[in-house]
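Chemist: below are the sequence and a predicted model; questions follow.
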Amino acid sequence: MNAPIDVSFFARAAKPITSYRPYWAKRFGVAPFLPMSRAEMEQLGWDSCDIVLVTGDAYVDHPSFGMAVVGRVLEAQGFRVGIIAQPDWTSAEAFKALGKPNLFWGVTAGNMDSMINRYTADRKIRSDDAYTPGDVGGKRPDRAAIVYSQRCREAFKDVPIVLGGIEGSLRRIAHYDYWSDKVRRSVVVDSKCDLLLYGNAERALVEVAHRIAAREPIEQITDVRGTAFVRRPGDPTAAGWIEIDSSEVDTPGRVESHINPYQTTSEQAQAQGQSCAKEEGASAAAPAEANPAIQTLKFVPNPALQGKGRLKVPPRERSVIRLPSYEQVKSDPVLYAHANRVLHLETNPGNARALVQAHGEGATARDVWINPPPIPLTTAEMDHVFDLPYGRSPHPAYADEQGRHDGATKIPAWEMIRFSVNIMRGCFGGCTFCSITEHEGRIIQSRSEESIIKEVEDIRDKVEGFTGVVSDLGGPTANMYRLGCKSPDIEAACRKPSCVYPGICSNLHTDHGPLIKIYRRARELRGIKKILIGSGLRYDLAVKSPEYVKELVQHHVGGYLKIAPEHTEGGPLSKMMKPGIGSYDRFKQLFEKFSEEAGKKQFLIPYFIAAHPGTSDADMMNLAVWLKKNGFRADQVQTFYPSPMATATAMYHTNLNPLKGIHRDDRAERVDIVRGDKRRRLHKAFLRYHDPNNWPLLREALKSMGRADLIGNGKHHLIPTFQPMTDGGYQSARRKNSTPVGSKASGAQPGKGRLLTQHTGLPPRDTGSPGKRKPR
């Protein structure tokens, strides 16, 4: 059965984003591109911008780029929106390029967290940036959300600042910062923004924009879901909220006094300041035996025991949970893990409560107040957002001498999604190392079939260089389209962090029928040669629908398919909240069966993570043995990267497992953490067991682990006894195997048993790029 998203709890609980009266500037019409200069504003007939957006990415007018979506959504509401992309942050001058915004600044670090964008998992600075023309690094500052907000304040200090994007979302409370190896304050405090919009913020953004336009002071806008802001002690806007103190662990709850067994019932009642209706009734019962007409005895609850049973829960919509303060979580790993656990329990829009966290003491004391998550968009609202008039290309300012965007000024991130279609948002997988759930939520928001097909037709008819190959129909995952809970009531009440771990929830429907229908309809369109699926596949869901696997394998795999087992061992998999390797094996059987039926030789691309919390050296050794046994040789290694607010990051920082109860005693589950360069190198070396540069390190480790039996020159050994001449180094596959602009990719087929990745060793395929144009 299909999950009718529009009739769920979430669809009924919010004002539609299309129902607002347009702002007066709607009369200016639609801009071909949102202006980035005064000259463009003048061409549009504008004397000023109502809203100026500042972003760390180059401006690409495409629905896969956050600032383009925000800008077009605001434009559809009638606002004049300008964009300042990748400004020079060394002074405030670049932030004055479009003049003073009439309403507010909209600030984001970009599609990626600026620190993850600029640094590798080993804290080494990157030389490239996929969101910059020419793939040039260094065009955005560290902690861009904070820096941009400061410069906006310097430029026009009386203009409100509304912060958004994934960098702000993942830093909305005090958080562990991997790059400085310490706990930092909420970004709301550090950036001094007036309001933070977290998650996919269209609903909150539209409401906030119209309320600011109506001259409502931004400091009074404290009731919008999906927002965070600072409140000072005694703020009258906090009146009427019921605070639940969760700032400590292992403290006693509500203590009930023991009843004195030697008191009579009336004496117990009198001690409670009440009368005893039971004894009064008993005194009236004495004449009842002589006169049956007298009313019979009635038994009533003992007033001394009233209120001693189940504790009445305050209404969730007016409840706020007080988390441990910044000062507490900064110095106490147990309270940090506890705060992380509470945060993740309060993520379902159907039942989440507001959160508050104190920052500072004395005169500097203030609370960071986080309202419940935004109500997900309905299918109609998703269609509205994705059907807006995007240019689907970078701004003309980035064009080269020939007026093109696929040469020296190519933006790699745009090239990757140039011919792709985003069909849904959200993910209910709950992987602890991933931040999708914290940002987009676990409620799947799907577009309609008609909207998706219309975008495929627009790509075919309007996007320059299209050769008939759509590179992806997907989203955060390839196959969660229209999947969800069978019951809206259960969906609204659920507090589980994952719908598919430790097993697929019995309340989750896994019907892939709507997705199959879209695949079939899209590939039958005139001018469409092939529909590829580039998003990562959730294979434990896919095996529930063999029909879907067959459709995918026989029609939509361009030689290889990405899946992510992440590991083979139960220890790390339990900390990742990922299924066992058995699910991978079942999917592999179906994949090979349907590939053979279609007469195709196709490859699976499994991803594995090294150094994840909960991974022992023995776990990595067993993974390496599995890779060797199955003939896999990984060219690219993914090392665990502690991103802010992720559950796995809390494990990394605290050595505790927030998936379990947090305690100060032995009841708390301790987690093995891979720290230090040497051990991280060892775990990566196990994944690249075939690289001679890693053999000395692996020999030493295997001997110390008592597994010298894996050292030898036979097929059953992991590494050989001999050591060839090597340079002793390892060059990143990201650079070594990238194809320079203007050069041709190698057409050689990968060797047998070689593990294929998205960057290296892939069989040739037609991605729809102009360089591979075929006659139609």
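Modeler: Everything's here; your move.

Chemist: going forward, measure contacts between C-alpha atoms and count neighbours the same way
Modeler: OK.

Chemist: low-confidence stretches in this protein?
Modeler: Residues of the chain meeting the criterion pLDDT under 70: 1-13, 252-293, 295-312, 727-776.

Chemist: tell me the centre residue of it?
Modeler: Centroid-nearest residue in the chain, with C-alpha atoms, centre = their mean: residue 436, separated by 1.4 Å.

Chemist: right, and it touches residue 427 too?
Modeler: Yes - between residue 436 and residue 427 there is a contact at 6.7 Å, judged by C-alpha atoms under 8 Å.

Chemist: what do those two both touch?
Modeler: residue 476 (C-alpha atoms under 8 Å, 6 or more residues apart in numbering).

Chemist: which strands and helices sit next to the longest helix belonging to the chain?
Modeler: In the chain, assigned by DSSP state H, the helix with the most residues is helix 581-597. With contacts taken as 3 or more C-alpha pairs under 8 Å, 6 or more residues apart in numbering; DSSP states H and E, helix 581-597 sits against helix 539-542, helix 546-555.

Chemist: out of those, which gets nearest to residue 671?
Modeler: The closest of those to residue 671 is helix 539-542. By C-alpha to C-alpha, the value is 25.7 Å.

Chemist: list of residues touching that closest one?
Modeler: Helix 539-542 has contacts (C-alpha under 8 Å, 6+ apart) with 479, 504, 510, 548, 549, 563, 579, 583, 584, 587.

Chemist: and of the residues you listed, the nearest to residue 235?
Modeler: Once C-alpha to C-alpha is applied, the member of the contacts of helix 539-542 that ends up nearest residue 235 is residue 504, at 44.9 Å.

Chemist: what sits against the closest one?
Modeler: With C-alpha under 8 Å, 6+ apart, residue 504 has these contacts: residue 541.

Chemist: about what we covered before: show me the contact partners of the longest helix of the chain.
Modeler: With contact meaning C-alpha under 8 Å, 6+ apart, helix 581-597 is reached by 539-540, 542-543, 546, 549-550, 553-554, 565, 567-569, 601-602, 604.

Chemist: list the buried residues in that helix.
Modeler: Buried residues in helix 581-597, defined by neighbour count with 16 or more other C-alpha atoms under 10 Å: 581, 583, 584, 587, 588, 590, 591, 592, 594, 595.

Chemist: if we can go back for a sec, out of the helices and strands packed on helix 581-597, deepest packed?
Modeler: For the helices and strands packed on helix 581-597, the largest average neighbour count (mean count of other C-alpha atoms under 10 Å) is found in helix 539-542, namely a mean of 21.

Chemist: CA atoms of that helix as PDB?
Modeler: C-alpha atoms of helix 539-542 as PDB (Å, rounded to 0.1, in the frame of the first residue of the first chain):
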ATOM      1  CA  TYR A 539      19.800  -2.600   0.200                       C
ATOM      2  CA  ASP A 540      18.100  -4.000   3.400                       C
ATOM      3  CA  LEU A 541      14.900  -2.300   2.200                       C
ATOM      4  CA  ALA A 542      15.500  -3.200  -1.500                       C
END
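
Chemist: burial measure for residue 403, as a count.
Modeler: 11 (other C-alpha atoms under 10 Å).

Chemist: ah, wrong one, I meant residue 679
Modeler: 15.

Chemist: distance of it relative to residue 38?
Modeler: Per C-alpha to C-alpha, to the nearest Å, residue 679 is found 53 Å from residue 38.

Chemist: and residue 509, by the same measure?
Modeler: Taken as C-alpha to C-alpha, the span from residue 509 to residue 38 is 52 Å.

Chemist: likewise for residue 248?
Modeler: 54 Å.

Chemist: going along the chain, name the strands of the stretch 451-600 of the chain.
Modeler: For the stretch 451-600 of the chain, the strands defined by DSSP state E, counting those that start in this stretch cover 469-470, 472-474, 484-485, 508-509, 530-531, 560-566.

Chemist: with mean neighbour count and distance to residue 52 added, can I get these in a markdown table?
Modeler: Formatted as a markdown table, the strands of the stretch 451-600 of the chain follow (neighbours: other C-alpha atoms under 10 Å; distance: least, C-alpha to C-alpha, whole Å):
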| stretch | mean neighbour count | distance to residue 52 |
| --- | --- | --- |
| strand 469-470 | 24 | 33 |
| strand 472-474 | 24 | 31 |
| strand 484-485 | 24 | 37 |
| strand 508-509 | 18 | 42 |
| strand 530-531 | 24 | 37 |
| strand 560-566 | 21 | 38 |
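
Chemist: out of those, the one nearest residue 117 is which?
Modeler: Using C-alpha to C-alpha, the strands of the stretch 451-600 of the chain put strand 560-566 closest to residue 117, at 21.7 Å.

Chemist: for stretch 506-521, give me every contacting residue.
Modeler: 1-3, 449, 453, 479, 481-487, 499, 531, 541, 544-545, 548, 551.

Chemist: which of those are buried?
Modeler: Looks like the contacts of stretch 506-521 have 3, 449, 453, 479, 481-486, 499, 531, 541, 544, 548, 551 buried, using 16+ other C-alpha under 10 Å.

Chemist: farthest-separated two in those?
Modeler: 486 and 531 (29.6 Å).

Chemist: that older thread, so which of the strands of the stretch 451-600 of the chain comes closest to residue 421?
Modeler: When the strands of the stretch 451-600 of the chain are compared by C-alpha to C-alpha, strand 472-474 sits nearest residue 421, at 5.0 Å.

Chemist: for the closest one, name the packing helices and strands.
Modeler: Of the remaining helices and strands, those touching strand 472-474 by 3+ C-alpha pairs under 8 Å, 6+ apart are strand 420-422.

Chemist: the strand it packs on pairs with which strands, parallel or anti?
Modeler: Looking at strand 420-422 with DSSP bridges, its partner strands are strand 472-474 (parallel).

Chemist: surely residue 698 meets residue 686?
Modeler: Yes - the pair residue 698 and residue 686 passes the contact test of C-alpha under 8 Å, sitting 7.2 Å apart.

Chemist: tell me which of those two has more neighbours.
Modeler: Using other C-alpha under 10 Å, the more surrounded residue of residue 698 and residue 686 is residue 686, with 27 against 22.

Chemist: which parts of the stretch 151-300 of the chain are helices?
Modeler: Applying DSSP state H, counting those that start in this stretch to the stretch 151-300 of the chain gives helices spanning 166-169, 187-191, 202-213, 265-271, 277-285.

Chemist: name the helices or strands packed onto the shortest one?
Modeler: In other words, helix 166-169. strand 195-197, helix 436-440.

Chemist: and the residue lying closest to residue 68 once chain neighbours are set aside, how far is that from residue 200?
Modeler: Spatial nearest neighbour of residue 68, chain neighbours left out: residue 61 (5.1 Å); criterion: C-alpha to C-alpha, 6 or more residues apart in numbering. According to C-alpha to C-alpha, residue 61 and residue 200 sit 17 Å apart.

Chemist: related to what we said a few turns ago, in terms of distance to residue 347, which of the contacts of helix 581-597 ranks first?
Modeler: Set against residue 347, the nearest of those by C-alpha to C-alpha is residue 540 (23.7 Å).

Chemist: can you tell me which residues contact the closest residue to residue 616 other than its chain neighbours?
Modeler: Nearest residue to residue 616 in three dimensions, chain neighbours excluded: residue 672, at 6.8 Å (C-alpha to C-alpha, 6+ apart). Residue 672 is in contact with 613, 614, 615, 616, 655, counting by C-alpha under 8 Å, 6+ apart.

Chemist: also residue 222?
Modeler: Applying C-alpha under 8 Å, 6+ apart, the residues near residue 222 are 229, 237.

Chemist: again, but for the one 10 residues further on
Modeler: Residue 232 is in contact with 365, 366, 367, counting by C-alpha under 8 Å, 6+ apart.

Chemist: okay, the residues you listed in a markdown table with secondary structure, distance to residue 345 and neighbour count next?
Modeler: A markdown table is the format used below for the contacts of residue 232 (DSSP: H, G, I helix; E, B strand; the rest coil; distance: C-alpha to C-alpha, whole Å; neighbours: other C-alpha atoms under 10 Å):
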| residue | secondary structure | distance to residue 345 | neighbour count |
| --- | --- | --- | --- |
| 365 | coil | 26 | 12 |
| 366 | strand | 24 | 20 |
| 367 | strand | 20 | 20 |
